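Asker: Fold the following.
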Amino acid sequence: MHFYSKNHLKRWSLLGLIPLLAACAVQTGMRMGDREHVSEQADSGVVPILKPITLELLQTERTIREQQASQDISHLVANPAPYRIDSGDILSVVVWDHPELSTPGMTGASVMAASGSASGTPTTGSADSSVTPGFVVDQDGMVQFPYVGPLKLGGLTEAQARSQLIAKLARYLKKPDLTLRVQAYRSKRIYLDGEVKTPGIQAINDIPMTLVEALNRAGGFLPSSDQSRIEISRAGETHRVNLSQLVRKGINPSSILLTNGDVVRVLSREESKVFVLGDVSRPTTLTLRNGRLTLNEALGDAGGISQQTSDGRLVYIVRNAQDMNPIVYHLDARSPVALALAENFELKAKDVVFVDAAPLAIWNRVISLILPSAQTVTSAVQVTK
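Answerer: The predicted structure follows:
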């Protein structure tokens, strides 16, 4: 009969607990594939909705996406119209055979600053090189012109203003012939902000200020821009424009006409992130590409599903819904058909792609955590001998 010391019994009893502890750790560990654990979340008030990714789901998602993505740009579309003179504009007038009445001949007139008093008198650049010579339209749309006196030209096109001025001068000159044009456009402007090369104020001139024209004047998009998220603020309302989608649908973005006071903001791609986590080669954060990113592209950019540790049956996409109950999409990625489904599954901003680990990988991780503890127990037992 063999007798064991208390130290031996203590040592073997502690070591004998290791497999049991490992089994308990695997059994109670939280995994996204554990439906019982998911159902327990109802106690916290958060009940995730589980949806397997199937062909029927993709068709439903596509229909919903097309309905939500239908852009109502009717408030932004208008036919270009001739430029109309307004307060602050500077006019250049040349009366042929009468240089004393033309803008270059006004050398004795006072010089007005670009933001000076709206008296409508002619200005010259003799005293200030930054001042554009010409006749300034005052706040009432009036212009002071020799012989004619105060003349309302605000709200008229260049052709209409020329005809009216000729009619007034005909009282003093025989068959007057003149040229009238806007020398400086200062009455109407828009503002561009966000991911463009040169944000700032742009004046509206005789060239129709369409959305494409404004972006071109700003130097185009930056590489960090999201062309699917352009906001146009007008009269207290914000209209969202998906430029990439308009092009795909064959709608010319030049049909969007900007007006005085519009604010155009191009959002950044950094505001549309997708997170790829779990057992992938490179867990990473990605950005939508002009509003689009498929599940295949996300997994590909993350280096693909880990061949050693992942469970291809457990690929999840977690998406927060408006009612605070997240939607969890599930894909069994073991078959080639699943890859075709993943190519047609489009992600949204803030989605989390999670690839669960295989049971053997979880067991290996648990053992790797317990083995150092077992060595510590063995060392402690040896010390107590």
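Asker: Next, count neighbours for residue 76.
Answerer: By other Cβ atoms under 10 Å, the residues close to residue 76 number 20. (Glycine included, C-beta is placed from N, CA and C.)
Asker: Nearest residue to residue 217 in space, please, no chain neighbours.
Answerer: Distances taken as Cβ to Cβ, 6 or more residues apart in numbering put residue 202 closest to residue 217, at 5.4 Å, once the chain neighbours are dropped.
Asker: Can you tell me how far that neighbour is from residue 312?
Answerer: Applying Cβ to Cβ, to the nearest Å, the value for residue 202 to residue 312 is 53 Å.
Asker: Tell me the confidence at residue 10?
Answerer: You'll see residue 10 listed with a pLDDT of 48.
Asker: Regarding the nearest residue to residue 83 once chain neighbours are set aside, which helix or strand does it belong to?
Answerer: Here the nearest residue to residue 83 in space, its sequence neighbours aside, is residue 206; by Cβ to Cβ, 6+ apart that works out to 4.5 Å. For residue 206, there is no helix or strand it lies in under DSSP states H and E.
Asker: For residue 206, which residues are in contact?
Answerer: Residues near residue 206 by Cβ atoms under 8 Å, 6 or more residues apart in numbering: 82-83, 158, 182, 185.
Asker: Please apply the same query to residue 273.
Answerer: For residue 273, the residues meeting the contact criterion (Cβ under 8 Å, 6+ apart) are 285-288, 349-350.
Asker: run the last query once more with 6 Å
Answerer: Each residue near residue 273 by Cβ atoms under 6 Å, 6 or more residues apart in numbering is listed here: 285, 287.
Asker: Tell me the bridge partners for it.
Answerer: The partner list for residue 273 in beta bridges (DSSP bridges) reads residue 287.
Asker: From here on, call the first residue 623.
Answerer: Okay, residue one is now 623; in that scheme the one you just asked about reads as residue 895.
Asker: separation between it and residue 942?
Answerer: Distance, residue 895 to residue 942, by Cβ to Cβ: 13 Å.
Asker: so where's the stretch 823-972 of the chain shaky on pLDDT?
Answerer: Within the stretch 823-972 of the chain, the ranges that satisfy pLDDT under 70 run 944-946.
Asker: make it 80
Answerer: The model of the stretch 823-972 of the chain has pLDDT under 80 over residues 929-932, 934, 943-947.
Asker: before we move on, what SS does residue 837 have?
Answerer: Secondary structure assignment for residue 837 (DSSP: H, G, I helix; E, B strand; the rest coil): helix.
Asker: give me the number of residues near the residue nearest to it when sequence neighbours are not counted?
Answerer: Distances taken as Cβ to Cβ, 6+ apart put residue 818 closest to residue 837, at 6.6 Å, once the chain neighbours are dropped. Close neighbours of residue 818, defined as other Cβ under 10 Å, add up to 21.
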